[in-house]
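In: structure here, sequence nowhere to be found:
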């Protein structure tokens, strides 16, 4: 609490703030102020201390610290509760376990590193330390289990929009659960749920984004936002804090939109951001593969593919490869 | 293990078995045999001991002891693992937690009493001690989340068949998750799952049956098998062990049938056992109610109702009341 008070004061002021003033506002002694400043420095805050002028905040760490994410976060329910970890097996596993114990809708789990980051169907999502965003959010929508695809599509829309606005990159959605930049995978989404036959108990949306991850840390076909920055911007880092905040905001925006206006606006946005309709794809199902043109995405989130023989086929589970 | 060996010998023989013989086959001392016999008696086995003749099994307790259920259980995967509890919050909660930890398909959780027996949508299923069957089974079918209804319907078919064959009562299915005898609720089914968008991780089927439960222990509209026995059979108790075994066998039979021949045979059997098609029902949805005639059940397990205005309405979530 005192840390956050001190930070708030320092953030407010571009000039120095005297120790005396900090004492007064935070209501603690000079020695206590010094201890808290030291602690903040250990967390990565760059705080200048000059004997006569006092303290000045020079730089904020680009780490997934709840206080940083919450700073200026414009949401009503998403991210009101943020639990942040240095290293976890999987943020989805943690969010799922907490959701079972009743953790409330909108709660966010963050980690700097995942040792067993989860992808679809038991695959892994490589999650190296302090260069990506590994985020899971708990939702409790009043929907039936077969509507879960809507939530995955919604998350893809939110992630693509957040990446576009924060990193100024042409993020595109690839059905069902990836975001590509320059045809390379930079983000994956895994939705999991607990449900009864006709009622979802809760949903956990897991989103992994390769932000400043180096190419050598990533699997084939994948990249990171930083690696895909244009030549003119190769010195930049992408702010993970800004992107996380934007992602949480976009998720809430689209979630509220879904509740208010139904799925159509999300679907329209998905189609715009996926640019897949009309593309040639190879569909890989469990026991067969075929090629065709993407005809549409149906209201249940299934991909409708027009096979070369002319027939339409609905693909609700499986993988697709773009054929160029 | 030694208990089971002793039981197997005693079961095999309608006459007395000498202590000496038991020692030889079980491979332990006379004193050890005596201890095990005492333990079995505490569990409810009625074992006669006569000084010269030896031991004789007079009666088996009607309790949900794994060894009793497994005795002559004709299944390949269901019930190969049975965990039995005296008192639990909810067998579904235990099965779900174990399934998350990887407990294998077909495992069965049993309890003599549930303190928080679960019904649909957070309702409770009253589960008084030692008079009912409270059973949960873990399945890991390769299906998509919207196929979960098939599993609920399958469980209803299996439960109705097991009750008919064991108790010789006209058990009827009431959509979506109850079994009625003489229009009174004697059994409820709750299916829960963990799933990704397009793949079920596992399903827990919970089945509660009021077997010998007394009327005064049951809520309004409910009854038990024993209470519904015809006047000529009022002295009977229904064997919980036999019914549990039969239930597990029917579940496996119908599950294998689903895997082999698809959903149609289950659906046909469901229609036969539900006798609902053509019946007049009142449909209670979250924000409205209407009446109509049951027209069909669709392949996703939804009830199709012909409203009085003539239009067909699909009901996939909600409650119905029979209108007589």
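Out: That came through fine. Note that the structure is predicted; figures quoted are calculated from it, not measured. Numbering: from 1, shown residues only, chains lettered A, B, ... in the order given.

In: from here on, just use CA atoms for contacts and neighbour counts.
Out: Noted.

In: from chain B, how far off is residue A:267?
Out: For residue A:267, the distance to chain B equals 16 Å [C-alpha to the nearest C-alpha, to the nearest Å].

In: now for that residue: which residues touch it?
Out: For residue A:267, the contacting residues are A:153, A:299, by C-alpha atoms under 8 Å, 6 or more residues apart in numbering or on different chains.

In: distance-wise, check it relative to residue B:252.
Out: Residue A:267 is 41 Å from residue B:252, where distance means C-alpha to C-alpha, to the nearest Å.

In: with residue A:11 instead?
Out: Distance of residue A:11 to residue B:252, computed by C-alpha to C-alpha: 65 Å.

In: same thing with residue A:202?
Out: Distance, residue A:202 to residue B:252, by C-alpha to C-alpha: 29 Å.

In: enumerate the residues of the stretch 101-250 of chain A near chain B.
Out: Residues of the stretch 101-250 of chain A lying close to chain B (C-alpha under 8 Å from any C-alpha of the partner chain) are A:120-121, A:144-146, A:148-149, A:152, A:190-199.

In: among the residues you listed, which are located in helices?
Out: Among those, the subset assigned to helices under DSSP state H consists of A:148, A:149, A:152.

In: which of those residues has the most neighbours?
Out: residue A:148 (25 neighbours; other C-alpha atoms under 10 Å in any protein chain shown).

In: wait, isn't that one in contact with residue B:197?
Out: Yes. Taking contacts as C-alpha atoms under 8 Å, residue A:148 lies within contact range of residue B:197: 5.8 Å.

In: for these two, list the residues in contact with both.
Out: Common contacts of residue A:148 and residue B:197 (C-alpha under 8 Å, 6+ apart): residue A:191.

In: related to what we said a few turns ago, just the residues of the stretch 101-250 of chain A next to chain B: which are in strands?
Out: Those of these mapping onto strands are A:190, A:191, A:192, A:193, A:194, A:195, A:196, A:199, per DSSP state E.

In: follow-up on the earlier one: more neighbours, residue A:11 and residue B:252?
Out: Set side by side, residue A:11 and residue B:252 show more neighbours around residue B:252, with 21 against 15, by other C-alpha under 10 Å.

In: now do the SS call for the more buried one.
Out: Under DSSP: H, G, I helix; E, B strand; the rest coil, residue B:252 falls in the helix class.

In: dump the residue contacts of it.
Out: Taking C-alpha under 8 Å, 6+ apart as the test, what residue B:252 contacts is B:75, B:77, B:78.

In: flag every buried residue along stretch A:222-230.
Out: For stretch A:222-230, burial by neighbour count (16 or more other C-alpha atoms under 10 Å in any protein chain shown) applies to A:222, A:223, A:224, A:225, A:226, A:227, A:228, A:229.

In: kindly apply the preceding question to stretch A:11-25 instead.
Out: By neighbour count on 16+ other C-alpha under 10 Å, the buried set for stretch A:11-25 is A:16, A:17, A:18, A:19, A:22, A:23.

In: which residues does that stretch contact?
Out: Stretch A:11-25 has contacts (C-alpha under 8 Å, 6+ apart) with A:6, A:9, A:10, A:29, A:30, A:33, A:52, A:53, A:54, A:55, A:56, A:57.

In: excluding chain neighbours, what is closest to residue A:178?
Out: Spatial nearest neighbour of residue A:178, excluding adjacent residues (C-alpha to C-alpha, 6 or more residues apart in numbering or on different chains): residue A:188 at 4.6 Å.

In: bridged to the one you found, which residues?
Out: Beta-bridge pairing of residue A:188 under DSSP bridges involves residue A:178, residue A:208.

In: around it, how many other residues sit close by?
Out: The criterion is other C-alpha under 10 Å. On that basis, residue A:188 has 25 neighbouring residues.

In: all helices for the stretch 201-324 of chain A, in order.
Out: Ranges of helices in the stretch 201-324 of chain A, per DSSP state H, counting those that start in this stretch, are A:240-261, A:264-274.

In: need those helices in TSV (columns: mean pLDDT).
Out: Output for the helices of the stretch 201-324 of chain A, formatted as TSV (pLDDT from 0 to 100):
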stretch	mean pLDDT
helix A:240-261	97
helix A:264-274	95
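
In: hmm, back to that, give me the subset of the buried residues of stretch A:11-25 lying in strands.
Out: Among the buried residues of stretch A:11-25, DSSP E puts none in strands.

In: okay, those in TSV with pLDDT and distance to residue A:248 next?
Out: TSV is the format used below for the buried residues of stretch A:11-25 (pLDDT from 0 to 100; distance: C-alpha to C-alpha, whole Å):
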residue	pLDDT	distance to residue A:248
A:16	88	32
A:17	91	32
A:18	89	35
A:19	87	35
A:22	88	32
A:23	90	34
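
In: just give me the closest of those to residue A:272.
Out: The nearest member of the buried residues of stretch A:11-25 to residue A:272, counting by C-alpha to C-alpha, is residue A:16 at 47.6 Å.

In: look up how far chain B lies from the closest one.
Out: Applying C-alpha to the nearest C-alpha, the value for residue A:16 to chain B is 52 Å.

In: okay, domains of chain A per the record?
Out: A:2-59, A:66-274, A:280-322 (automatic domain parsing).

In: any idea which of these is most buried?
Out: Most buried of the domains of chain A by mean neighbour count (mean count of other C-alpha atoms under 10 Å in any protein chain shown) is domain A:66-274; its value is a mean of 20.

In: what's the end-to-end length of that domain?
Out: OK, domain A:66-274 end separation, C-alpha to C-alpha: 31 Å.

In: how far away is the one residue in the stretch 201-324 of chain A that gets nearest to chain B from residue B:259?
Out: Chain B sits closest to residue A:317 of the stretch 201-324 of chain A, with a gap of 5.3 Å, by C-alpha to the nearest C-alpha. From residue A:317 across to residue B:259, the span is 18 Å (C-alpha to C-alpha).

In: then residue A:199?
Out: Distance from residue A:199 to residue B:259, counting by C-alpha to C-alpha: 25 Å.

In: kindly report the same for residue A:286.
Out: From residue A:286 to residue B:259 the distance is 16 Å (C-alpha to C-alpha).

In: ok, back up a step: got CSV for the domains of chain A, with distance to residue B:91 too?
Out: Formatted as CSV, the domains of chain A follow (distance: least, C-alpha to C-alpha, whole Å):
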stretch, distance to residue B:91
domain A:2-59, 45
domain A:66-274, 15
domain A:280-322, 31
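
In: and these: which comes nearest residue B:134?
Out: Set against residue B:134 and scored by C-alpha to C-alpha, these come closest in domain A:66-274, at 17.8 Å.

In: so how far is that closest one from its chain's centroid?
Out: Mean-position distance between domain A:66-274 and its chain equals 3 Å (C-alpha atoms, centre = their mean, to the nearest Å).

In: again with stretch A:17-32
Out: Worked out by C-alpha atoms, centre = their mean, stretch A:17-32 lies 37 Å from the chain centre.

In: compute the first-to-last residue distance for that stretch.
Out: Stretch A:17-32 has an end-to-end distance of 16 Å (criterion: C-alpha to C-alpha).

In: using the three-state scheme, assign residue A:106.
Out: coil.

In: where do the strands sit along chain A?
Out: Here chain A has its strands, by DSSP E, at A:46-50, A:54-59, A:82-85, A:108-111, A:132-139, A:172-174, A:178-181, A:184-196, A:199-210, A:280-284, A:289-297, A:303-307, A:312-315, A:319-322.

In: contacts for the first one?
Out: Outside of strand A:46-50, the residues within contact range by C-alpha under 8 Å, 6+ apart are A:37, A:41, A:55, A:56, A:57, A:58, A:59, A:60, A:61.

In: cool, thanks, talk later.
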